[in-house]
Each structure stands twice: as C-alpha cells, then as structure tokens.
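S.K.: sequence? don't have it. structure:
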DNA sequence: GCCGTTTTCGGCCCGACTGTTTTCAGTCG
C-alpha cells in the first residue's frame, strides 16, 4: 500500500488498539496521547506528507515522538513501534480483546498463566473450567465469558448499528418511558443524540424521584435477549435485534448534567471538564460543583452548564471536539438550520418513479401543509432501470404540475433527478433537460469504478450547465453499501467553481454527503440543499434528520439554498448557463 | 506520550456495576 493520509490514520488507529493491550488500560497516558494525535489528524485537512517533524509538533496533541512516527510512516510506509506491537499481539490475540467483558488486564493474565493465545484456546480453557481457578476470577466470570463466546462474531465490542435501525427503537423506548408514572423527563443521548451515522449502543437518561420501578420495568421488557446489568440507577440490556440499551435514572435537578454527560462525545466532555477544573469546579453526570465547598453550581439544564463555563450552548451534533469548544467560547458557532427554516423541498419523487409510491397531488398537498414556498418534483431520469421515467411521462407530468400550480400559493417546479453515468453522461439530451426548472443529478450505478473515474464522472456532472445540485454524493447506504471513492477536494472545488449545491440527504439510510465531507465543504464555501428525497408522502416530514446532519457538518444556515426566500432561490436555480 | 502566565517534572476526567473481594480491581461508557 502506498503511503497516504488514510493509511497513516489506519496505522495510528491500530497503534492505539495494540497499545491498550500493551499498556493494560485504555486510560493509559500513552494510549490517550496516541488517541489525541489521531483525533487531531482526522480533522486536519491540509497536506500532511510534506510536513517536517517540527511543523507536525505544532499541531495540538502531537509531540516529538508521534511526529517522528508520522515522518517514519511517510518515508518507509510503516512504523517500527507498530511492527513490534503486531509481533507481540497477533491478530488472533487481538480478536480476544473484542469479547465483551474481557479487558486487557484479564487477557494478559489468561495468556501468561494459562497460555491462551486465541479464541480456540479460550474456549478449551473454559470447557476445562480452568478460568475459575485464577485469583480474581470465578465461576460467574467463566460462565459470562462462555456466553459471550457463543455469540462472538455477532455482538462484539466494535459492532455498530446503522442509525436507521437504532433511532426508531430509541424513540419508541423514550416515548414509553415518558408515559410511565413518576417519569419527569426522558431523552436518548450518546452517539444517537449526536446524530452519528452508526451507533454503538442506545443511552437513555430518565429523570425520576424513584428509580427502582423504572429499572424493574426496563430489565423485564418483552423481547430482550439478555440483561447485562441491573443496578440501583443504571441497567443495561440487549434487545432481540442485538442492540444494547443502557438506562440511567437521575433526579430532575440532575437531568441537564446527566444528558450532557451521556451525550458526549468523550472528547467533548473531557474539554468541558478541563474547563470546569480551570475554574475551580468539577463536572460530572450530577452537576457542575465547586471543588472546595462541594456546592452544586448548576445541574438542571445543559444550557446553564455551558453558560457557567462561559460557552454558547453547543448543539448535540456538534459535540465531537472538532472546534466547537473554541467557537462556542468566541460565540461563533454557526447558525443552525431547523425544519422551520426550510422554505422548500428540492428532491421529491412521485409514483411516476418506479420506486416511489405517492401521487403528485398528495405530495403537493403535504408540501403546502408544511408551509413551503416552493417545491421541486424530481422523479428519476429514464436511464435508471425499472424506476426511471421516460420523456412522455415527464411531459404529461409537466401538464399536471401546471394545473396544480394554477392559483396555488406554493410554487411547484418540475425538476428531475438525473443519473450520472459511468463516464459522467446524463439522461435524455441537453435540449430536453433544458425544459426543466431545476435538475439534480446523482450516482445510482457503477459503484465500483476506480477512484479516478468516479472523480471524473462527478466533476463532469457538476460542470453540466443545467445541473444545480448533486444528490447523495457518495451513493452509500449506511451499513449496507459503501459509497463510491473519489477525490473529495477536487470534487468540492468543482462545486464552488460552478456554484452547484451539495445535497444533504435526509434519508436515514443515506445521510449523504457524510459529516466529514460537509465539514470540508463548508470550509471551502460550498452551497447546500437539505432535501427529503421522499419516496412517499410521509417522507416529506423527515427534514429534521437532514438538519441534524447539517449541524454535524457545521453547515451555516446562510449556505443552505432552500432556506432562502422564493425570489432569491429562483434566481439561483436559473443562474445556469452563465457559469461555465 | 504530551504539556507548561503555578511547570522541563509531575500531572493527565469521572463514576456505576460486577464479581470477587472483606476494601478492591477490572470493565465499561
């Protein structure tokens, strides 16, 4: 493999993983130092390969030792320390560390005292009941590990669930909890509230005076695969679908501190706690407390805690320590977009598309109810097998739209979602495409082309004079299909040059473009559209997800074209042939 | 391994639960 930033990040991530085993703790200072360096490099967009050791050490969290490892990687393609760790901790041994309940300390003892090197060794040792003889281990631990081994491969520590699978479950659980007697507040937290595209487990925080009945209900819910823990204020279960859910109960006064704490991210929390310490306070899940007197300063709302720390309140999706603390301190967070800010939907399918289900009239009626000023109908272009619409179908639709638009407050425009062919070609011909009010274009096929070809086809579509936005940039389906690989920087620069908008697709299975692409795009000054990509009428109501994704990318409201008033939007939509 | 208007040494974020202990270590988030 040739040296690249991606390759470096992979090797550093492996260095973190193996160092946990070597140091015996994920909290070891060396491990955390590597993690901090990795975190910094992930959000660094510039050219890394050309940086010297002294330039690298200017980056936050990167000292001489890590800087030298980075140089070593670019010069030799590998890192000697990592090579040594790989020899000490071969992959089959690392696999053992994925077993829930088995940490680096126990693992090291299993190896040194019982000679266990891999899963087969562990299985044999458990069958021979050897583990229970080790000091500090017992029969229960042995049985717990036996159970964990049975489903290894299914539920490991690394397993993550697509947000589309976790979010409905979390919303249902929170609704049920809120309806319970004695429950004052309930909220899902964790990576789900931060709106990450995959989540490790569902964290729910409840405010209630009496935790016991809630705990009892939770561990006795129907359809659970396993109860992992059942304490006074904290319990964990695994659902039949294999998703772990953690529930924590606090008092109403502690609720703000608790959801702040359990929403994370870990890196964001550490920054907040550091800020508290600098002021002579401590911050934990129960509140912001004076370190000397033990008096609680604030705890009931997140906002009050941020304000006490002299920070603007940070929306949950931004809490990844990607610059939000500094911007909150300067009161310079981007103005977020909410569904109420959206004045139109620019990517909607009717039942003319083979994969969509609602008639035009129903779509239009719902868009009007949502208070939109404009709506662009974008059925699939004819090159999409099965689902595309031919010229005659679109011409008939044009007539239907004209009739519905007559006398309507809502501006109904006819657009189309074109297919970007393998070489960047588009459906129909330029003359026919010119008849639409707005064209968007997206990749629906040929996901396996080489990176160069993908970059070229995207740029060709972006440069087409009629194309005003690119739908679901990568074409990925989270957890099911990886997106196409392409040169992100080159593609984003083409967006800027042509004033083409990058779609923020609200479909939970897509959430495309990804947050990291959005972060980069907004830095470069790209414009955006937040769309529903609805394939049935209720899909129009999912804009909230696109808005949360936009927050993850620090996308400011002003850069989102469909927050603009109708006149300004139409001017942008029609400013086509001018820019080439 | 990183870092420094208290510093080049000595710090580095915090707590619940479990299983094994009889005061705590390990794991997890």
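M.R.: Nice, thanks for sending it over. Source: prediction; values computed, not measured. Numbers count the residues shown, from 1 in each chain, chains lettered A, B, ... in the order given.
S.K.: so how far is stretch A:451-467 off the chain centroid?
M.R.: Between the centre of stretch A:451-467 and the centre of its chain there are 26 Å (Cα atoms, centre = their mean, to the nearest Å).
S.K.: buried residues in that stretch?
M.R.: A:453-462, A:464, A:466-467 (16 or more other Cβ atoms under 10 Å). No exception for glycine: its C-beta is placed from N, CA and C like everyone else's.
S.K.: ok, these vs DNA strand B, which is closest?
M.R.: residue A:455 (34.0 Å; Cβ to the nearest atom of the strand).
S.K.: Let's have the buried residues of stretch A:451-467 in a markdown table, adding secondary structure, pLDDT and distance to DNA strand B.
M.R.: Shown next, in a markdown table, are the buried residues of stretch A:451-467 (DSSP: H, G, I helix; E, B strand; the rest coil; pLDDT from 0 to 100; distance: Cβ to the nearest atom of the strand, whole Å):
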| residue | secondary structure | pLDDT | distance to DNA strand B |
| --- | --- | --- | --- |
| A:453 | helix | 95 | 39 |
| A:454 | helix | 95 | 35 |
| A:455 | helix | 96 | 34 |
| A:456 | helix | 96 | 39 |
| A:457 | helix | 96 | 41 |
| A:458 | helix | 97 | 37 |
| A:459 | helix | 97 | 38 |
| A:460 | helix | 97 | 43 |
| A:461 | helix | 97 | 42 |
| A:462 | helix | 97 | 39 |
| A:464 | coil | 95 | 46 |
| A:466 | coil | 94 | 48 |
| A:467 | strand | 96 | 43 |
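S.K.: Just send those residues back as TSV, with distance to residue A:303 too.
M.R.: Formatted as TSV, those follow (distance: Cβ to Cβ, whole Å):
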residue	distance to residue A:303
A:453	49
A:454	43
A:455	43
A:456	48
A:457	46
A:458	41
A:459	44
A:460	47
A:461	43
A:462	40
A:464	46
A:466	46
A:467	42
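S.K.: Out of the residues you listed, which two sit at the greatest distance?
M.R.: A:453 and A:466 (22.4 Å; Cβ to Cβ).
S.K.: For the stretch 101-250 of chain A, list the residues in contact with DNA strand B, please.
M.R.: For the stretch 101-250 of chain A, the contact set with DNA strand B under Cβ under 7 Å from any atom of the strand comprises A:101-107, A:132, A:135-142, A:144, A:157, A:190, A:200-201, A:203, A:229-235, A:244, A:246.
S.K.: Whichever helix in chain A runs longest - contacts with which helices or strands?
M.R.: Secondary structure of chain A per DSSP state H: the longest helix is helix A:5-23. Contacts defined by 3 or more Cβ pairs under 8 Å, 6 or more residues apart in numbering; DSSP states H and E place helix A:5-23 against helix A:29-42, helix A:64-76, helix A:80-88, helix A:91-96, helix A:104-114.
S.K.: Mean neighbour count added to those, as a markdown table?
M.R.: Shown next, in a markdown table, are these (neighbours: other Cβ atoms under 10 Å):
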| stretch | mean neighbour count |
| --- | --- |
| helix A:29-42 | 18 |
| helix A:64-76 | 17 |
| helix A:80-88 | 13 |
| helix A:91-96 | 16 |
| helix A:104-114 | 16 |
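S.K.: Let me have those in CSV, extended by mean pLDDT.
M.R.: Listed next are these as CSV, based on pLDDT from 0 to 100:
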stretch, mean pLDDT
helix A:29-42, 89
helix A:64-76, 93
helix A:80-88, 93
helix A:91-96, 88
helix A:104-114, 90
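S.K.: Which one of the ones you listed lies nearest to residue A:572?
M.R.: Nearest of the helices and strands packed on helix A:5-23 to residue A:572, taken as Cβ to Cβ: helix A:29-42 at 32.9 Å.
S.K.: if we look at the closest one, which residues are touching it?
M.R.: A:5, A:8-9, A:12-13, A:15-16, A:19-20, A:23, A:25, A:48, A:59-63, A:66, A:70, A:267, A:321 (Cβ atoms under 8 Å, 6 or more residues apart in numbering).
S.K.: Of those residues, which are in range of DNA strand B?
M.R.: For DNA strand B, the contacts drawn from the contacts of helix A:29-42 by Cβ under 7 Å from any atom of the strand are A:25, A:60, A:61, A:62, A:63, A:66.
S.K.: Taking the residues you listed, tell me the two that lie furthest apart.
M.R.: A:25 and A:60 (23.2 Å).
S.K.: how close does residue A:570 get to residue A:263?
M.R.: Noted for residue A:570: a distance of 40 Å to residue A:263, by Cβ to Cβ, to the nearest Å.
S.K.: Please apply the same query to residue A:565.
M.R.: Residue A:565 is 34 Å from residue A:263, by Cβ to Cβ.
S.K.: so where's chain A shaky on pLDDT?
M.R.: A:1-2, A:152-156, A:576-580 (pLDDT under 70).
S.K.: what are the bridge partners for the nearest residue to residue A:479 once chain neighbours are set aside, then?
M.R.: Among residues not flanking residue A:479 along the chain, residue A:162 sits closest, at 3.6 Å (Cβ to Cβ, 6 or more residues apart in numbering). According to DSSP bridges, the partner residues bridging residue A:162 are residue A:198.
S.K.: Would it be right to say that residue A:503 lies in a strand?
M.R.: Yes - Residue A:503 forms part of a strand when assessed by DSSP: H, G, I helix; E, B strand; the rest coil.
S.K.: Count the residues that sit near residue A:417.
M.R.: By other Cβ atoms under 10 Å, the residues close to residue A:417 number 30.
S.K.: measure it to residue A:21 for me?
M.R.: 48 Å.
S.K.: With residue A:227 instead?
M.R.: The gap separating residue A:227 from residue A:21 is 29 Å, by Cβ to Cβ.
S.K.: just residue A:360 next, same as before
M.R.: Residue A:360 is 59 Å from residue A:21, where distance means Cβ to Cβ.
S.K.: related to what we said a few turns ago, tell me which entries of the residues of the stretch 101-250 of chain A next to DNA strand B lie within helices.
M.R.: Judged by DSSP H, the subset of those located in helices is A:104, A:105, A:106, A:107, A:139, A:140, A:141, A:142, A:144, A:190.
S.K.: who's in contact with residue A:321?
M.R.: Applying Cβ under 8 Å, 6+ apart, the residues near residue A:321 are A:39, A:265, A:267, A:268, A:270, A:271.
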